[in-house]
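A.B. asks: How does the following fold in three dimensions:
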Amino acid sequence: MNENTIAFIGAGNMARAVIAALVKQGYPAANIIATNPTMPKLAALATDFGIEVTTDNIKAVKLADVIVLCVKPQIMAEVCQALLAGAPEIHEKLFVTVAAGLPVAHYQRWLGDEVRLVRAMPNTPAQVGLGVTGLFPHRLSNYEKSFVDQLFSGCGLTCWLQQESQINDIIAVTGSAPAYFFYFMQAIEQTAQQLGFAPAEARAMVAQTALGAATLAAQSELSFAQLREQVTSKGGTTHQAIETFREGQLEALVAKAMKAAIARAEEMAKTL
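C.D. replies: Residues are numbered from 1 along each chain as shown. Just a heads-up that it's a prediction; the model follows:
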């Protein structure tokens, strides 16, 4: 599989995360190309990972076996149509897209009905190899699925989806979820500062506690509820805090927020 040349169209944070993971796993840097309209991000990628870089999208896709589309949804149509116009032969190649809100039908319109495509939904912890990537395949062979799995495995867990609609669900469950945790951490940090802890101290304590809790959960066979119960002595301080969350209907609020994220993803698919 390492013989495939991969072209990343766009050199933002997610492209960088996937490229970093590939190189770390031993994928040949000479078989990775990244493009971007301007050079600063490309120069950093070339320096840090030794990959090929260019501002010429057409040159990159002509050399590639696999094309990873890492541009914003708002310009995806323009980018795809320009690629096909400049290199008509690419309709036979494998495409991977990390753009949210754009269903397979859009890519069929821009790249041809027979396009072989994976919709990928990684989350930001992919940047440290601890992400989750949802993957929906369209017209892929088993070999191509294995390759795409390899492509994202260095970023963390991969989860193959059976229905395209599940892309919107996984956005709510994993794609947006880091922001939920950061928001909760921010609230604890703010209260810690109000209690008199210095900002740097409060941040370090909250980040370490979150890391410890997540690591403990990942390494334990106990459910999240059981792990919570282990910390919650009846009538104690943690019990009082948990009861306050329950009185505020935390679980219902989380469900409402996740459903709002799904609704927004569905709305984006209709408007982009």
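A.B. asks: Going by C-alpha atoms from here, please, whenever you check contacts or count neighbours.
C.D. replies: Fine.
A.B. asks: residue contacts, residue 244?
C.D. replies: Under the criterion of C-alpha atoms under 8 Å, 6 or more residues apart in numbering, residue 244 has no neighbours.
A.B. asks: Repeat that for residue 124.
C.D. replies: 14, 131, 175, 178.
A.B. asks: got it, and residue 203?
C.D. replies: Residue 203 touches residue 189, counting by C-alpha under 8 Å, 6+ apart.
A.B. asks: Next secondary structure after whichever helix or strand residue 148 is part of?
C.D. replies: For residue 148, the host element (DSSP states H and E) is helix 142-153. Helices and strands here follow DSSP H and E; after helix 142-153, the next one along the chain is strand 156-160.
A.B. asks: Can you give me the buried ones in that next one?
C.D. replies: Across strand 156-160, burial judged by 16 or more other C-alpha atoms under 10 Å covers 156, 157, 158, 159.
A.B. asks: List the buried residues in the following helix or strand past it.
C.D. replies: Remark: after strand 156-160, the chain's next helix or strand is helix 166-170, criterion DSSP H and E. Residues of helix 166-170 classed as buried: 166, 167, 168, 169, 170 (neighbour count, 16+ other C-alpha under 10 Å).
A.B. asks: CA atoms of stretch 224-231 as PDB?
C.D. replies: What follows is stretch 224-231, C-alpha atoms only, in PDB (Å, rounded to 0.1, in the frame of the first residue of the first chain):
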ATOM      1  CA  PHE A 224     -18.700   5.400  32.400                       C
ATOM      2  CA  ALA A 225     -21.500   5.200  35.000                       C
ATOM      3  CA  GLN A 226     -19.600   2.700  37.100                       C
ATOM      4  CA  LEU A 227     -16.400   4.800  37.000                       C
ATOM      5  CA  ARG A 228     -18.500   7.800  38.100                       C
ATOM      6  CA  GLU A 229     -20.000   5.800  40.900                       C
ATOM      7  CA  GLN A 230     -16.500   4.900  42.100                       C
ATOM      8  CA  VAL A 231     -15.800   8.600  42.700                       C
END
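A.B. asks: before we move on, back to that, most neighbours among the contacts of residue 124, which one is it?
C.D. replies: Neighbour counts for the contacts of residue 124, by other C-alpha atoms under 10 Å, peak at residue 175, which reaches 23 neighbours.
A.B. asks: which ones are touching that one?
C.D. replies: Here residue 175 is in contact with 121, 122, 123, 124, 132 (C-alpha under 8 Å, 6+ apart).
A.B. asks: what would the buried residues of helix 166-170 look like in CSV with distance to residue 147 and pLDDT?
C.D. replies: CSV is the format used below for the buried residues of helix 166-170 (distance: C-alpha to C-alpha, whole Å; pLDDT from 0 to 100):
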residue, distance to residue 147, pLDDT
166, 21, 96
167, 20, 94
168, 23, 93
169, 24, 95
170, 21, 96
